[in-house]
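In: Provide a 3D model corresponding to the input given below.
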Amino acid sequence: MAMRKREDEIFPNAAGIDIGASSHWVAVPRHLAQAAGDEPVREVGAMTDDLNALAKWLVGLGVDTVAVESTGVYWIPVFEVLEQHGLKVWLVDARQLKYVPGRKSDIQDCQWLQKLMSLGLLRAAFRPDADVCVLRAVARQRETLITEQASWVQRMQKALVQMNIQLTEVISDVMGQTGQAIIRDIVAGQRDPGALARHRHRRIKASEADIVRALTGNWREEHLFVLEQALAMYDDIGRHLGECDARLDALLDQRAAAKVDIGALPRAGSKARVEHDIRQRLADWAGVDLTRINGLGVTIVMKLLTEIGPDLSRFASVKHFCSWLSLCPGTKISGGKVLSSGTRRSASRARQALKMAAMTLCRSESALGAFYRRLCVRMDKPKANTATAHKLARMVYFMLTRGEAFVDERYEEQQRQRSIAALKRRAAALGFQINPVETAA
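Out: Sure thing, here's the model as predicted:
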């Protein structure tokens, strides 16, 4: 094999770091190490002082680009410290190095990483700006707390069922207004089913007599203790959720650019007013109101913006953006034969949010809802869901990059024309003719 020349290197001053839990192995170009009288490979510790010393050493050698292998969460401190010292850091997917034979030691891994980086054979993973990462950390913590809170609700339901308190049979939401009032009264010491049933809200379909029968059970002390503990944990997590919401509001207010008109403010004191305030903060940060897109609610838009941020300039085109989200068909071709055209598997939270938004369009009367249902006729629902998520991703990209508002009328008109054409074809096949009826203005 011919020896590579220095002229072939795209990043001649690039370094490679093999990330570990307790130490990291660093490989720098041999010509830079020889000029400074150092070894081209060095092991550094994982402490902050060690990382600062590593950054100063790389800057002193003349290294301008560093490839860091994405190993767990151990790469995050290294990435942030190197970035703070002005180095350009590439986060590299470990799967790009997985199938290299014979290179299994840490020393050889960092040398191979440095070599591939210098030749331009690696691709950097997308990592949003530091401001977005701050919001993303808080948003992910909030999502974790919601999941944990739901698990404690399940524990409360289990304790109630073990006492044969069939509250879930008469109330759809155990932690709604009626359910919470009943559970808190039970924890406070109330055991009379009639007294507990008086908490019934007028909108509950089950009668008060049915609730009394459901609340007649076997009050055992051990299950009551578990119920009390679970309720306390639920309330404690709720307090932390409130702190996360306040922190998110403050961070969004700091990043607001220009005021975006999202419509009239709902009446005071309503739940819609709180949602409107969150929509306004998100729109001011992004510059556009993404909730105008059918299927994208406040929760979905919050997850999208905290994961990818409002700046998508790092993606060369909408195709690159959709490919990064793993919403594009694959292209595995060998010998002119298509081996596979399925989308790649991905754990991207932004992708999951878009697919969840696509799923909510099944009953929507909008053009996007009709698009989703039309795809469900042609293919199975998982594929239709992915294709609709791909369409939503394109709309999000164009709104964030062009600053254009979402106009649903054009899509609705396209869907109307398709429906009219389909009706005419159906009528012609049955021997009829459809004539439009003019309506008075």
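In: remind me which residues of the stretch 101-250 of the chain are low pLDDT?
Out: By pLDDT under 70, the weakly predicted segments of the stretch 101-250 of the chain are 101-103.
In: any idea which residue sits dead centre in the chain?
Out: Arg349 (2.6 Å; CA atoms, centre = their mean).
In: find the nearest non-adjacent residue to that one, please.
Out: Distances taken as CB to CB, 6 or more residues apart in numbering place Glu307 nearest to Arg349, at 5.1 Å, with adjacent residues excluded. C-beta: built from backbone N, CA, C; applies to glycine.
In: can you count the residues close to that neighbour?
Out: 19 (other CB atoms under 10 Å).
In: what mean pLDDT does the one helix or strand it maps to have?
Out: Assigned by DSSP states H and E, Glu307 belongs to helix 298-308. Taken as a whole, helix 298-308 has a mean pLDDT of 93.
In: likewise stretch 419-433?
Out: 86.
In: try stretch 87-97
Out: Rounded mean pLDDT across stretch 87-97 is 84.
In: circling back to that earlier point, what is the distance between the helix holding Glu307 and the centre of its chain?
Out: In terms of CA atoms, centre = their mean, to the nearest Å, the centre of helix 298-308 is set 7 Å apart from its chain centre.
In: i'd like the first residue to be 258 from this point on
Out: Understood, numbering begins at 258; the last thing we discussed is helix 555-565.
In: could you list the residues in contact with that helix?
Out: 383, 385, 389, 392-393, 395-397, 400, 532, 535-536, 539, 542-543, 547-548, 553, 605-607, 610-611, 613-614, 653 (CB atoms under 8 Å, 6 or more residues apart in numbering).
In: how about a cut-off of 7 Å?
Out: By CB atoms under 7 Å, 6 or more residues apart in numbering, the surrounding residues in contact with helix 555-565 are 385, 389, 392-393, 396, 532, 535-536, 539, 542-543, 547-548, 606-607, 610, 613-614, 653.
In: so who does the residue lying closest to Thr617 once chain neighbours are set aside touch?
Out: Nearest-residue entry for Thr617: Gly552, 5.2 Å, with adjacent residues in sequence omitted and distances by CB to CB, 6+ apart. Neighbouring residues of Gly552 by CB under 7 Å, 6+ apart: Ala614, Ala615, Thr617, Leu618, Ser621, Leu625, Leu649.
In: please redo it, this time with the cut-off set to 10 Å
Out: Contact partners of Gly552, counting by CB atoms under 10 Å, 6 or more residues apart in numbering, are 611, 613-619, 621, 623, 625-626, 629, 645-646, 648-649, 652.
In: related to what we said a few turns ago, list the contacts of the residue nearest to the centre of the chain.
Out: Applying CB under 10 Å, 6+ apart, the residues near Arg606 are Arg393, Ala396, Arg397, Glu400, Lys560, Leu561, Thr563, Glu564, Ile565.
In: count the residues that sit near Arg549.
Out: Using other CB under 10 Å, the number of residues around Arg549 comes to 18.
In: hang on, isn't it packed against Asp518?
Out: No - checked against CB atoms under 10 Å, the pair Arg549 and Asp518 is beyond contact range at 11.2 Å.
In: between those two, what contacts are shared?
Out: Joint contacts of Arg549 and Asp518 (CB under 10 Å, 6+ apart) are Ala540, Ala662.
In: ok, now how distant is the residue nearest to the centre of the chain from Arg397?
Out: 8 Å (CB to CB, to the nearest Å).
In: quick one: Val595 is in a strand?
Out: Yes - assignment of Val595 by DSSP: H, G, I helix; E, B strand; the rest coil places it within a strand.
In: and the gap between it and Gly495?
Out: Plainly put, Val595 is 52 Å away from Gly495 if you go by CB to CB.
In: keeping just the C-alphas, turn stretch 639-651 into CSV.
Out: Extracted in CSV, the C-alpha atoms of stretch 639-651 (Å, rounded to 0.1, in the frame of the first residue of the first chain):
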residue,chain,number,x,y,z
PRO,A,639,-45.8,2.7,10.4
LYS,A,640,-44.6,3.7,7.0
ALA,A,641,-47.3,6.3,6.6
ASN,A,642,-46.4,7.7,10.0
THR,A,643,-42.7,8.0,9.0
ALA,A,644,-43.7,9.6,5.6
THR,A,645,-45.9,12.2,7.4
ALA,A,646,-43.2,12.9,9.9
HIS,A,647,-40.9,13.5,7.0
LYS,A,648,-43.4,16.1,5.6
LEU,A,649,-43.6,17.8,9.0
ALA,A,650,-39.8,18.0,9.2
ARG,A,651,-39.6,19.7,5.9
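In: for that stretch, buried residues please.
Out: Ala641, Asn642, Thr643, Ala644, Thr645, Ala646, His647, Lys648, Leu649, Ala650 (16 or more other CB atoms under 10 Å).
In: closest to Asp506 among these?
Out: Leu649 (26.0 Å; CB to CB).
In: what about the closest one, helix or strand, and which?
Out: Here Leu649 is assigned to helix 638-659, by DSSP H and E.
In: and stretch 431-444, which residues are buried?
Out: Val431, Met432, Thr435, Gly436, Ile439, Ile440, Asp442, Ile443, Val444.
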